[in-house]
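Participant: Test case, fold it:
(one chain, ligands or ions: 1)
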Amino acid sequence: MVTSNFDYFAPTTLDEATSLLSRYRGEAKVLAGGHSLIPMMKLRLAEPTVLVDIGKIDGLSYVREDGDGVAIGSMTTYRELETSSLVKSRYPLLADAASKVADLQVRNRGTIGGSLAHSDPAGDLPAVVLAIGGSVVARTRRSSREISIDRFQVDLLTTALHDNEIITEIKLPALPSGTGTAYSKFHNPASHYAITGVAAVITVSGGTCTEARIAVTGAGDKATRARRTERILKGKELTPAVIRRAASRAAAEVQDTLNDDIFASAEYRTHLTQVHAQRAIEEAAAAAG
Ligand SMILES: Cc1cc2nc3c(=O)[nH]c(=O)nc-3n(C[C@H](O)[C@H](O)[C@H](O)COP(=O)(O)OP(=O)(O)OC[C@H]3O[C@@H](n4cnc5c(N)ncnc54)[C@H](O)[C@@H]3O)c2cc1C
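Facilitator: Numbers count the residues shown, from 1 in each chain. Down below sits the predicted model:
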């Protein structure tokens, strides 16, 4: 399978890249790791006439402290995330989820910015970043804005990003002490995409759950907060019964868009979502102490 024809640009500065996106607005696509865009182009599901490869721009690949939180450059690869000591110590679920993406070849090329911008319904990092919270920094030729991760994933393969914007950074907040995190997924054995994955970030204080962010991927059309599950957890002691009840509601938010395909029926995905929600919450609660 071959792509349709396109012009290829490899700018070396963000100004050049954003200018190209403005000049070819609506026709151009950003190329990062290429592990989602190129297959889509080969299948003719995407036919951009211009590719703006941002891989030659310096300074988009980093993980660093940013005030109380951490900032991650959009071109940071899965491999860099899974091996970063800062990510491992501050957001263990992000390092763990990155290590579970596909194989080493994909992890060496695929980027956090590409994963969020692509918003694959079975992608791992959209759910993980959603559970952590924070924001996505997007730049045009003239301006820059921060988009809350809660408003970023809009629909199937659709985000709040405009077609002249480039994600430059992902900002993650500091997690309060007493916070535990976990990511649990049932993966497709060939691609490792999540048939269902659940990310949990849970804060416990004085024996009670004071904060919970739970996000589900793979089950529905996009990464989604399981808000009913969160509500059941908050303000409670995380006994096995409470965790079981909360997990049983994890598929509720994706009920209307449940995927039903050759990999798993909607009914099986509902079951998997509960199972992996329970595992992720138990693990995060144990880590929270
Ligand atoms: C065999 C295989 C197995 C895979 N398994 C998994 C898996 O288990 N879990 C998983 O989550 N993913 C998996 N993937 C997908 C992989 O994670 C991709 O790398 C990821 O979805 C996209 O990242 P990328 O850097 O490759 O982006 P690209 O493919 O280059 O781009 C994807 C989309 O995002 C846009 N984009 C990219 N970067 C930016 C930016 N900085 N600003 C604005 N727009 C941008 C592009 O224009 C394009 O629309 C797999 C892919 C393959 C080929």
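Participant: What average pLDDT does the longest helix along the chain get?
Facilitator: Ranked by residue count under DSSP state H, the longest helix found in the chain is helix 266-288. In this model, helix 266-288 has an average pLDDT of 97.
Participant: what about the helices in this structure?
Facilitator: Going by DSSP H, the chain shows helices at 14-23, 37-42, 78-83, 85-90, 92-99, 104-109, 112-118, 125-132, 227-233, 240-247, 266-288.
Participant: possible to save these as JSON lines with distance to F186 and mean neighbour count?
Facilitator: For glycine as for every other residue, the C-beta is placed from the backbone atoms N, C-alpha and C. Compiled in JSON lines, these are given as follows (distance: least, C-beta to C-beta, whole Å; neighbours: other C-beta atoms under 10 Å):
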{"stretch": "helix 14-23", "distance to F186": "37", "mean neighbour count": "19"}
{"stretch": "helix 37-42", "distance to F186": "22", "mean neighbour count": "16"}
{"stretch": "helix 78-83", "distance to F186": "19", "mean neighbour count": "21"}
{"stretch": "helix 85-90", "distance to F186": "23", "mean neighbour count": "15"}
{"stretch": "helix 92-99", "distance to F186": "13", "mean neighbour count": "24"}
{"stretch": "helix 104-109", "distance to F186": "19", "mean neighbour count": "15"}
{"stretch": "helix 112-118", "distance to F186": "19", "mean neighbour count": "26"}
{"stretch": "helix 125-132", "distance to F186": "13", "mean neighbour count": "28"}
{"stretch": "helix 227-233", "distance to F186": "17", "mean neighbour count": "21"}
{"stretch": "helix 240-247", "distance to F186": "14", "mean neighbour count": "18"}
{"stretch": "helix 266-288", "distance to F186": "5", "mean neighbour count": "22"}
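Participant: ok, how many other residues are close to L43?
Facilitator: Residues within reach of L43, counting by other C-beta atoms under 10 Å, total 10.
Participant: Residue numbers of this structure in contact with the ligand?
Facilitator: Selection of the chain residues close to the ligand by C-beta under 6 Å from any ligand atom yields 29-37, 39, 54, 74, 101-102, 106, 110-111, 113-115, 117-118, 120, 123-125, 161, 166-167, 191-193.
Participant: And the residues you listed, which of them are buried?
Facilitator: Among the residues of the chain next to the ligand, those classed as buried by 16 or more other C-beta atoms under 10 Å are 29-37, 54, 74, 101-102, 106, 110-111, 113-115, 117-118, 120, 123-125, 161, 166-167, 192-193.
Participant: which ones among these are found in strands?
Facilitator: Among these, the residues falling in strands (DSSP state E) are 29-31, 166-167.
Participant: Not including adjacent chain positions, what is the nearest residue to R25?
Facilitator: N164 (5.2 Å; C-beta to C-beta, 6 or more residues apart in numbering).
Participant: swap that for Y8, sorry
Facilitator: Y8 sits nearest to L51 (C-beta to C-beta, 6+ apart), 5.1 Å away.
Participant: you'd agree the one you found is up against G34?
Facilitator: No - using C-beta atoms under 8 Å, L51 is not in contact with G34; the gap is 9.0 Å.
Participant: ok, Q274 - contacts?
Facilitator: By C-beta atoms under 8 Å, 6 or more residues apart in numbering, the contact list for Q274 reads 247-248, 250-251.
Participant: now swap in R245 and tell me
Facilitator: Residues near R245 by C-beta under 8 Å, 6+ apart: I232.
Participant: What pLDDT is listed against it?
Facilitator: 97.
Participant: how close does it sit to A200?
Facilitator: Noted for R245: a distance of 15 Å to A200, by C-beta to C-beta, to the nearest Å.
Participant: go on, A251?
Facilitator: 15 Å.
Participant: the more surrounded of these two?
Facilitator: A200 (36 against 26).
Participant: The more buried one and V216 touch, don't they?
Facilitator: No - using C-beta under 8 Å as the test, A200 is too far from V216 to be in contact (10.1 Å).
Participant: Give the residues shared as contacts by those two.
Facilitator: Shared contacts of A200 and V216, counting by C-beta under 8 Å, 6+ apart, come down to A277.
Participant: In this structure, which residue sits furthest out from the middle?
Facilitator: G206 (30.8 Å; C-alpha atoms, centre = their mean).
Participant: which phi and psi does it have?
Facilitator: Main-chain dihedrals, G206, degrees, to the nearest 10: phi 60, psi 30.
Participant: still on that earlier bit, next, count neighbours for the residue nearest to R25.
Facilitator: 20.
Participant: Thanks again, I'm all set now.
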